[in-house]
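S.K.: sharing a model prediction with you, sequence too.
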Amino acid sequence: MRLLPSAAAVGTTLGAVALSGAIAAPSPAAATTTTTYAVTHASDPYSGRSVVVRWTPCMTVGGVTTAATISYAVNTGGDPTRVALVQKALAEVAAYSGLRFRYVGKVSYVPHYAVLHYPSGNRLMFNAAQQRAATHADLVVGWVSATKTNLFRGGEAGVGTVSWTGSSRSQLRIVEAAALIKLGVPLRAGFTTGASVGSLLLHEIGHAVGLDHVSANSQIMYPVLGSYTRSSYQAGDRTSLRLVGRPAGCFRTAALAPPNPATIASAAGIGVTL
Ligand SMILES: [Zn+2]
């Protein structure tokens, strides 16, 4: 995609999870091997190499390493007890990835796509810049009605998305993300096996730190919730969390601002719905 000048790159992924039976399950039988872990790779303009798309776990500048923190806000959808669910899920992510998270408060902001109106058709792009400006958080976790955001497309129970950017002066990394649970989906309370809100949170927050779907239903990152779903990250999930976490190493360059669809539309001379 030619969305930015050649020295820069932006990207986004969207992963959704469905309740078993709600939509057609992917067919693991079609694959020749069963995958238990998966992360996203992208071309890094800084190094010219394909790299794992991940957050900044730490910065090493002048021989001094400092830990970075990912600030997060919660849109509780009217139930303040959900903050504790998010904190529990992020504590598990932190334990296996070494990433650090910092709670900055409740928000009413609803993460969504901007729509870029290209002559060839509309393209969707996560509105990372607007989310950052509205929430002052790197990550928003929320409970949102199906009709309130275009991140939901159909029968999914939740979605998770990341926005990354890099340039010749800044190593490619995730700079903004969202994980949403759809209100009204029947889920078990807490972190239990089966289709529980805790398992769904772990899955969508997994996307928000760069994890992709796998074909083994023993793992949290399997794309359909069912009776087989576990209540915590399993061996493959933990491998993915290490690949996107502190064990993957510190960055040496400062991060860029979150990608801004308005800027990209302006540069392309096209309209945009923010
Ligand atoms: Zn998913």
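M.R.: Structure received. Numbers count the residues shown, from 1 in each chain.
S.K.: C-alpha from now on. contacts and neighbour counts both.
M.R.: Noted.
S.K.: next secondary structure element downstream of the strand or helix carrying Q87?
M.R.: According to DSSP states H and E, Q87 maps onto helix 82-97. Where DSSP H and E defines the elements, the next helix or strand beyond helix 82-97 is strand 101-106.
S.K.: re earlier: point out the other helices and strands that the helix holding Q87 packs with.
M.R.: helix 197-208, helix 235-243 (3 or more C-alpha pairs under 8 Å, 6 or more residues apart in numbering; DSSP states H and E).
S.K.: return the set of buried residues in it.
M.R.: For helix 82-97, burial by neighbour count (16 or more other C-alpha atoms under 10 Å) applies to 82-83, 85-94, 96-97.
S.K.: the inter-axis angle of that helix versus helix 197-208?
M.R.: Interaxial angle of helix 82-97 relative to helix 197-208 (axes from the mean of the first three to the mean of the last three C-alpha atoms, to 10 degrees): 50 degrees.
S.K.: per-residue pLDDT of T32, please?
M.R.: Listed pLDDT for T32 reads 65.
S.K.: returning to what we had before: tell me which of the helices and strands packed on helix 82-97 lies nearest to the ion.
M.R.: For the helices and strands packed on helix 82-97, distance to the ion was read as C-alpha to the ion. The smallest value, 6.1 Å, belongs to helix 197-208.
S.K.: can I get that closest one in CSV? Just the C-alpha atoms.
M.R.: The C-alpha trace of helix 197-208 is given here as CSV (Å, rounded to 0.1, in the frame of the first residue of the first chain):
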residue,chain,number,x,y,z
VAL,A,197,-15.2,-13.2,29.3
GLY,A,198,-11.7,-13.8,30.7
SER,A,199,-10.6,-16.2,27.9
LEU,A,200,-12.0,-13.7,25.4
LEU,A,201,-10.1,-10.9,27.0
LEU,A,202,-6.9,-12.8,26.9
HIS,A,203,-7.5,-13.5,23.2
GLU,A,204,-8.3,-9.9,22.1
ILE,A,205,-5.5,-8.5,24.3
GLY,A,206,-3.3,-11.1,22.7
HIS,A,207,-4.0,-9.4,19.3
ALA,A,208,-3.4,-6.0,20.9
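S.K.: pLDDT of it, averaged?
M.R.: Rounded mean pLDDT across helix 197-208 is 97.
S.K.: rewinding a little: adding distance to W164 and mean neighbour count, write the helices and strands packed on helix 82-97 out as JSON lines.
M.R.: Below are the helices and strands packed on helix 82-97 laid out as JSON lines (distance: least, C-alpha to C-alpha, whole Å; neighbours: other C-alpha atoms under 10 Å):
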{"stretch": "helix 197-208", "distance to W164": "11", "mean neighbour count": "28"}
{"stretch": "helix 235-243", "distance to W164": "16", "mean neighbour count": "21"}
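S.K.: need those helices in JSON lines (columns: distance to V51).
M.R.: Shown next, in JSON lines, are those (distance: least, C-alpha to C-alpha, whole Å):
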{"stretch": "helix 197-208", "distance to V51": "17"}
{"stretch": "helix 235-243", "distance to V51": "11"}
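S.K.: of these, give the one that comes closest to V141.
M.R.: Between V141 and these, the shortest gap by C-alpha to C-alpha is with helix 197-208, which sits at 7.9 Å.
S.K.: quick one, the helix or strand containing Q130 and strand 101-106 angle?
M.R.: Here Q130 sits within helix 128-135, counting by DSSP H and E. Our comparison of helix 128-135 with strand 101-106, counting by the same axes, to 10 degrees, yields an angle of 70 degrees.
S.K.: counting neighbours, what do you get for the residue of the stretch 101-250 of the chain found nearest the ion?
M.R.: The stretch 101-250 of the chain approaches the ion most closely through P223 (4.9 Å), counting by C-alpha to the ion. Neighbour count for P223, taken as other C-alpha atoms under 10 Å: 25.
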